[in-house]
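*Asks:* Quick one, structure for this:
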Amino acid sequence: DYIDEANPGTGLVNNSGESYSWVVPSDVASTTCLIRITDPDNSEATDTTSVFEVRPKITIDTPVSTDIWVVDDTQAITWTTDGVIEYVNIKYSVEGGADQWVYGYGVGDDPQGDPVQASNIPASDGTFDWVIPDSMSDQITVKIEHTSNPNNVNDQVENMTITGKLEFTYPVGTGVAFAVEDEETISWTKTGTIPTVKLEYSVGGGEYQQILNAESLSGTTFDWIVPDDLSTQVRLKVSNTNSASPTIAGVSDQFEIRGSLTITRPVGDEIWDVDKTEAINWDLTGTLSTVKLEYRYDQDFSPITASVDASDQTYPWEIPNTISDDVVVRITDNNNSAVTDDSASFKIAADIILTRPVGGEDPFIVDSSELITWEKHGDLSEVILKYDTNEGLDGYPNTITTVAAANESYNWTVPDAIGTKNRVQIKDTNAGAYTKPDASAANFEIRGSITITSPNSSSEAWLFDSVHDIVFDIHGSITSVEIKYDIDNGQGGYPYT
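*Replies:* Numbers count the residues shown, from 1 in each chain. Predicted coordinates:
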């Protein structure tokens, strides 16, 4: 039998083996235990051991030495006990240093309240939620000890890890795209004492490359000038510059680095004329190969060109006969449809070009017929022809005619508008159209004329001192004339008035 001052007990065993495997009872905890062996048939045949101790046992289930727990997380320390243990204390140490109290929440504690010290925790709880302290190390020891016998009844787990943690707050999620040469503010959080970090990036799953000027950052943001590394598989990594301090590096979600295209011409509100050639211009960032150009003048986009070198940054476009007051040009990277830009709205208009008179022609004679000519580009119905006698400064107040634009000419009976500052204008009769009028680039002259009808024949013979009518026709506002004659077939310069 065994003797415990408080709880003695007995049992019979077969003595043939001269030993006995005893399962120490879990309800015994004493420093003054004895074992006595007695022959049940002869009470004089007995012996008693020296005093020994029966201790309870604590076994830590979590953590284990391979665990890595993050600063500020809450992790459950769990244990089991054998024997009589009412309360336990829970402590930890860093790299063999002094024991420190674990703080957290026991069974029934409010997890929103302040963490409590893990002292005198009911052993029967078997669990305590530890708020992981800022004690970053891979040599952490966690100890649970009997409050009544801490030196002899305890268990500990050595060489577990408390780690810091870095996490990105931007970029995060899906669909993030950065444009080459843009400045993007990268941001992250630090959990634990992490004085400085470094930033790197990886393209297409390759090795991480150091970001310039981000080798040792003390803050939590960095303004990154996006490099010309086009890819849909880019990641950032932020890591502790102190490699000896356990820290979980932050790796961003996958994002894209793409080039960019910006149309610089047209810029909006221009009027581009049918059949003229206009330059479409653009800026780009990143190494782009080819782009396509399209335009919209109604509901859908139509092709301008399927492929042109992006580095050309210009394309000569012969304007089609698609007259509209809401036209948009679009440029798109042929390798990435997300890299695109639309111009501001502009107009495509029909065009009329006055080809005669343009200025400087031989004088037009009053009442004569002179041809006015023009070119038509695009759909035009009618044009109105006007003239101005003051270099166009009076707004062309005088109407010549309205005529079908397709005729491209008109026989003008020259009016009595004698002068040297005449100009003609041609204009679309549709007031709502955006067709630009055209006019003579320089002045032309309209002159009056005098035609002698008598004498008008070399066969006429007028006698000396006879009287004859000199008859003439006048075209234009000629108020007076001077009549001279020459007796040398006009070769004498008409010296006689």
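
*Asks:* what about the chain, any weak spots by pLDDT?
*Replies:* Applying pLDDT under 70 to the chain flags residues 1-17.

*Asks:* who does the lengthiest strand in it pair up with?
*Replies:* The longest strand of the chain (DSSP state E) is strand 154-170. If you go by DSSP bridges, strand 154-170 pairs up with strand 68-70 (parallel), strand 137-146 (antiparallel), strand 183-191 (antiparallel), strand 247-248 (parallel).

*Asks:* for the ones you listed, which one sits closest to Ser302?
*Replies:* strand 183-191 (35.4 Å; Cβ to Cβ). (C-beta placed from N, C-alpha, C; glycine too.)

*Asks:* what angle do the helix or strand following that closest one and strand 183-191 make?
*Replies:* Scanning forward in sequence from strand 183-191 by DSSP states H and E, the next helix or strand is strand 197-203. Counting by axes from the mean of the first three to the mean of the last three Cα atoms, to 10 degrees, strand 197-203 lies at 120 degrees to strand 183-191.

*Asks:* Okay, Asp125 and Trp79: tell me how far apart.
*Replies:* Going from Asp125 to Trp79 by Cβ to Cβ, to the nearest Å gives 9 Å.

*Asks:* who's more crowded, those two?
*Replies:* The neighbour count for Asp125 versus Trp79, taken as other Cβ atoms under 10 Å, is higher for Trp79 (20 against 14).

*Asks:* That one reaches Lys143, doesn't it?
*Replies:* No - between Trp79 and Lys143 there is no contact under Cβ atoms under 8 Å: 10.8 Å.

*Asks:* anything in contact with each of the two?
*Replies:* Counting by Cβ atoms under 8 Å, 6 or more residues apart in numbering, the contacts common to Trp79 and Lys143 are Asp155.

*Asks:* Show residues contacting stretch 68-78.
*Replies:* The contact list for stretch 68-78 (Cβ under 8 Å, 6+ apart) reads 60-63, 67, 90, 102, 104-105, 111, 118, 126-136, 142, 144, 160-165, 191-192, 246, 248.

*Asks:* Apply 6 Å and report the result again.
*Replies:* For stretch 68-78, contacts defined as Cβ atoms under 6 Å, 6 or more residues apart in numbering pick out 61-62, 126-132, 134, 161-165, 191-192.

*Asks:* End to end on it, go ahead and measure it.
*Replies:* Taking Cα to Cα, to the nearest Å, the first and last residues of stretch 68-78 lie 16 Å apart.

*Asks:* Would you indicate which residues of that stretch are buried?
*Replies:* Buried residues in stretch 68-78, defined by neighbour count with 16 or more other Cβ atoms under 10 Å: 69-71, 75, 77.

*Asks:* Distance from it to the middle of the chain?
*Replies:* Put simply, stretch 68-78 sits 39 Å off its chain's centre (Cα atoms, centre = their mean, to the nearest Å).

*Asks:* now stretch 43-61
*Replies:* Going by Cα atoms, centre = their mean, the spacing between the C-alpha centre of stretch 43-61 and its chain's C-alpha centre is 76 Å.

*Asks:* Would you check that Ser345 makes contact with Asp326?
*Replies:* Yes - using Cβ atoms under 6 Å, Ser345 is in contact with Asp326, at 5.2 Å.

*Asks:* Between those two, which has more neighbouring residues?
*Replies:* Using other Cβ under 10 Å as the criterion, Ser345 and Asp326 rank with Ser345 on top: 16 against 11.

*Asks:* Look up how far Arg296 lies from the residue lying closest to Asn152 once chain neighbours are set aside.
*Replies:* Excluding its sequence neighbours, the residue lying closest to Asn152 (Cβ to Cβ, 6 or more residues apart in numbering) is Arg55, at 6.0 Å. Applying Cβ to Cβ, the value for Arg55 to Arg296 is 88 Å.

*Asks:* go on, Thr196?
*Replies:* Distance, Thr196 to Arg296, using Cβ to Cβ: 52 Å.

*Asks:* which of these two has more neighbours?
*Replies:* Remark: of Thr196 and Arg296, Arg296 carries more neighbours, 18 against 12, as counted by other Cβ under 10 Å.

*Asks:* Identify the residues contacting the more buried one.
*Replies:* Val328.

*Asks:* change it to 8 Å
*Replies:* For Arg296, the contacting residues are 302, 327-328, 330, by Cβ under 8 Å, 6+ apart.

*Asks:* buried subset of these?
*Replies:* 327-328, 330.

*Asks:* Would you format the residues you listed as CSV with distance to Val180 and secondary structure included?
*Replies:* Listed next are these as CSV, based on distance: Cβ to Cβ, whole Å; DSSP: H, G, I helix; E, B strand; the rest coil:
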residue, distance to Val180, secondary structure
Val327, 29, strand
Val328, 25, strand
Arg330, 20, strand
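
*Asks:* Buried residues, the longest strand of the chain. List them.
*Replies:* Of all the residues in strand 154-170, those buried under the rule 16+ other Cβ under 10 Å are 154-155, 157, 160-166, 168.

*Asks:* do the same with stretch 119-136
*Replies:* Residues 121, 123, 126, 128-133, 135-136 are the ones in stretch 119-136 that count as buried (16+ other Cβ under 10 Å).

*Asks:* what residues does stretch 419-430 touch?
*Replies:* 350, 352, 354, 357, 359, 364, 372, 374, 380-392, 396, 400, 402, 405, 435, 437-440, 442-446.

*Asks:* quick check, distance from that stretch to the centre of its chain.
*Replies:* The chain centre lies 52 Å from the centre of stretch 419-430; the measure is Cα atoms, centre = their mean.

*Asks:* Turn the buried residues of stretch 68-78 into TSV, columns for distance to Ala29.
*Replies:* Listed next are the buried residues of stretch 68-78 as TSV, based on distance: Cβ to Cβ, whole Å:
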residue	distance to Ala29
Trp69	32
Val70	38
Val71	38
Gln75	30
Ile77	23
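
*Asks:* Which single one of these is nearest to Ser454?
*Replies:* So of the buried residues of stretch 68-78, ranked by how close each gets to Ser454 (Cβ to Cβ), first place is Val70, at 122.2 Å.

*Asks:* which residues pair with that closest one across the strands?
*Replies:* Applying DSSP bridges, one finds that Val70 bridges with Thr163.

*Asks:* same question, Leu385
*Replies:* Residues in beta-bridge contact with Leu385 (DSSP bridges): Thr401, Ile426.

*Asks:* check contacts around it.
*Replies:* By Cβ under 8 Å, 6+ apart, Leu385 lies in contact with 372, 399-403, 410, 412, 424-426.

*Asks:* Generate a PyMOL selection restricted to the buried subset of the contacts of stretch 419-430.
*Replies:* The PyMOL command for the buried members of those (criterion: 16+ other Cβ under 10 Å) is given here:
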select buried, resi 350+352+354+357+359+364+372+374+380+383+384+385+386+387+388+389+391+392+396+400+405+435+438+439+440+443+444+445+446
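
*Asks:* can you list the residues that contact stretch 193-206?
*Replies:* By Cβ under 8 Å, 6+ apart, the list of residues contacting stretch 193-206 reads 134, 136, 164, 166, 186, 188, 190, 208-211, 214-218, 222, 224, 227, 229, 231, 233-242, 245, 247, 257.

*Asks:* how about the strands in the stretch 351-497 of the chain?
*Replies:* Assigned by DSSP state E, counting those that start in this stretch, the stretch 351-497 of the chain shows strands spanning 351-356, 364-365, 369-377, 382-388, 398-404, 409-413, 419-428, 438-439, 444-447, 449-454, 471-475.

*Asks:* Could I have the CA atoms of the fourth one written out in PDB?
*Replies:* To tie it back to what came earlier, the one meant is strand 382-388. The C-alpha trace of strand 382-388 is given here as PDB (Å, rounded to 0.1, in the frame of the first residue of the first chain):
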ATOM      1  CA  GLU A 382     -25.700  74.700-102.600                       C
ATOM      2  CA  VAL A 383     -23.300  77.500-102.300                       C
ATOM      3  CA  ILE A 384     -23.900  81.200-102.300                       C
ATOM      4  CA  LEU A 385     -21.500  83.600-104.100                       C
ATOM      5  CA  LYS A 386     -20.900  87.100-102.900                       C
ATOM      6  CA  TYR A 387     -18.500  89.900-103.500                       C
ATOM      7  CA  ASP A 388     -17.000  92.800-101.500                       C
END
